[in-house]
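1. Sequence plus the predicted model coming up.
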Amino acid sequence: TYAANQFITDSAASGTSLASGVKTNVGMIGMTPDQRKVKTLAEIAKEKGMKVGIISSVSIDHATPASFYAHVPSRSHYYDIAVALAESDFDFFGGGGIKDPKDKKKKSKNPKGDALELAKKNGYQVVQSKAELMNLKPGGGKILAWNTWLQDSKAMPYAMDTRPEDITLAEFTAKAIGVLNNPKGFFLMVEGGKIDWACHANDGTAAIHDTFAFDDAVKEAVKFARSYPKETLIVV
C-alpha cells in the first residue's frame, strides 16, 4: 500500500491507486507523480454507458471519493474537486457535503464560479432531506444528495450520533442502487469514511459503530447481488 514517493501512503495516493491502478505521490488525486491525468474505473464505466454513483460518510470532495472523479495535484484543492464533481456527469453523489464550493481559500487557477450552482446548471438535483431522498425514483436525472445535518467539515454525523431524521450510509447505498440499476449496469463506490476519522481521534466506540454502519451498507449491496448473482461484483 506504499505511495510512489514514500512508504506510508495517504487517502489521496491510495484512493487514486484503487480508482485507476496507478501509483502516485501522497496528496495527489487522479494524477501520476508528474501530473498527467489518469482515467478512473468510474470514468471508464461512464464511457461504457453504465451509470455511476459515489457515496461517502465524509465530505463528497474528500480524498477517497474525489479519487474516482477528480484530477488535482493536491487533495486540499477542494474547490477544483467540487468543479470536477459538477462536470463529471456522474449520476448519483451522496453522503457528506462540499467544503469549498465558492473557492474561499483562493486555491484555484481556473475558477468557474460557485461549484454548487455549476452542478445545478449541469442538471444536478440537490437533495438535502431523508424524505426527498426516499421519494427519488429511477430515471429522475442526476442527483447530489447529502444529509441535512453535517456534523463537522461537511461530513455526515458519526453513526452513534445519528438521529431518526438523518440518512444512514446504508440508506444512501440502497437508494443509489435503486436509481442506478439499469440494463447497461452501474458502478457504485461507497466509503465509510468516518471509520478513519474515529481512528484518527482514537475514539474506539465511534470506530466500532461506524464499522457496523458500513457493514449495513455492504448488506444492501449483497441484497442486490442476490438478485443478479452472475452480473455483480462487490469489492470491500
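-> Received, thanks.
2. just the strands in the protein please.
-> Using DSSP state E, the strands of the chain run over 51-56, 92-95, 124-127, 142-146, 186-191.
3. mind checking how far the second one is from the chain centre?
-> Mean-position distance between strand 92-95 and its chain equals 6 Å (Cα atoms, centre = their mean, to the nearest Å).
4. Model confidence for the closest residue to residue 52 other than its chain neighbours, exactly?
-> Once flanking residues are discounted, residue 52 sits nearest to residue 90: 4.4 Å by Cβ to Cβ, 6 or more residues apart in numbering. Quick note: C-beta positions are derived from backbone N, CA and C, even for glycine. For residue 90, the pLDDT comes out at 98.
5. Now for residue 90, how many residues are close by?
-> By other Cβ atoms under 10 Å, 24 other residues sit near residue 90.
6. show me the contacts for it.
-> 42, 46, 52-54, 69, 142 (Cβ atoms under 8 Å, 6 or more residues apart in numbering).
7. Ok, residue 57 next?
-> By Cβ under 8 Å, 6+ apart, the contact list for residue 57 reads 95-96, 155-156, 169, 191-194, 210, 213.
8. Just the pLDDT for it.
-> For residue 57, the pLDDT comes out at 98.
9. now, among the contacts of residue 90, which is nearest to residue 29?
-> residue 69 (9.4 Å; Cβ to Cβ).
10. close enough to count as contact, that closest one and residue 82?
-> No. Taking contacts as Cβ atoms under 8 Å, residue 69 lies outside contact range of residue 82: 10.5 Å.
11. And the helices in this protein?
-> Secondary structure of the chain by DSSP state H: the helices cover 11-20, 41-47, 63-66, 78-87, 115-121, 130-134, 169-180, 193-200, 204-227.
12. For residue 33, find the nearest of those helices.
-> Closest among the helices of the chain, using Cβ to Cβ: helix 11-20, at 9.5 Å.
13. So what angle separates the directions of the closest one and strand 186-191?
-> With axes from the mean of the first three to the mean of the last three Cα atoms, to 10 degrees defining the directions, helix 11-20 sits at 160 degrees from strand 186-191.
14. now for helix 11-20, which elements pack on it?
-> Secondary-structure packing of helix 11-20 (3 or more Cβ pairs under 8 Å, 6 or more residues apart in numbering; DSSP states H and E): helix 41-47, helix 63-66.
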